[in-house]
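> The amino acid sequence is not available; the structure is as follows:
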């Protein structure tokens, strides 16, 4: 075996660790989607955030800091959005060199049932899309959201679509 053929175990371990971190961050985002699809499970969602974590989404969302505010928000949201299916797609994770923080980019395509603005007893079938730019932090070997930041692309009633109705009332 020549010097060029020598396997650098430290390098391989570092590369493997980076891949495992990226996979764990993607899984964290997918668990978030799963909790949203499970009637916006407030306990499950809040547990994915650092203690001082922030959830910020424009449109149907708002801005919450900390587990209690996040739980309170999702309890109320489950009253307005009675069914949802979140498709998180095109993940791109940028891991910091020290592997303690990361930025993640995702697209959301979501089908959902939302109460009507003028008559909450009536529901609309809605399609919405969001661009996420999330900040992640690794605490005690576990990845958490430090900030989930969503920018709404469009929210349209199904029968109108995004061409006729890019943002519903």
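Cool, got the structure. None of these values were measured; they are calculated from a predicted model.

> Distance check, residue 34 against residue 72.
Relative to residue 72, residue 34 is positioned 20 Å away (C-beta to C-beta, to the nearest Å). Bear in mind the C-beta positions are built from the backbone N, C-alpha and C, glycine included.

> And residue 151, by the same measure?
Distance from residue 151 to residue 72, by C-beta to C-beta: 23 Å.

> same thing with residue 143?
Taken as C-beta to C-beta, the span from residue 143 to residue 72 is 24 Å.

> One more: residue 81?
15 Å.

> who's more crowded, the two?
Taking neighbours as other C-beta atoms under 10 Å, residue 81 and residue 72 compare with residue 81 leading, 21 against 14.

> who does the more buried one bridge with?
Beta-bridge partners of residue 81, counted by DSSP bridges, are residue 114.

> Do you know the pLDDT at it?
pLDDT, the model's per-residue confidence, is 94 for residue 81.

> and it, what does it touch?
Residue 81 is in contact with 40, 60, 112, 113, 114, 115, counting by C-beta atoms under 8 Å, 6 or more residues apart in numbering.

> so how far is residue 86 from the residue sitting nearest the centre point of the chain?
In the chain, the centroid-proximal residue (C-alpha atoms, centre = their mean) is residue 29; its distance is 4.9 Å. Per C-beta to C-beta, residue 29 is found 10 Å from residue 86.

> same check, this time on residue 6
Applying C-beta to C-beta, the value for residue 6 to residue 86 is 46 Å.

> Looking only at neighbour counts, state which of the two leads.
Between residue 6 and residue 86, counted using other C-beta under 10 Å, residue 86 has the larger neighbour count: 20 against 8.

> ok, and for the strand or helix carrying the more buried one, which residues are buried?
Using DSSP states H and E, residue 86 sits in strand 81-95. Buried positions in strand 81-95, judged by neighbour count with 16 or more other C-beta atoms under 10 Å: 81, 84, 86, 88, 91, 93, 95.

> Residues touching the helix or strand bottoming out on mean pLDDT in the chain, excluding its own?
Lowest by mean pLDDT, DSSP states H and E among the helices and strands of the chain is helix 161-164, with a mean of 88. For helix 161-164, contacts defined as C-beta under 8 Å, 6+ apart pick out 127, 129, 154, 156.

> Look at the first one and say how many residues are nearby.
Looking back up the chat, that one is residue 127. Neighbourhood size, residue 127 [other C-beta under 10 Å]: 17.

> That'll do, ta.
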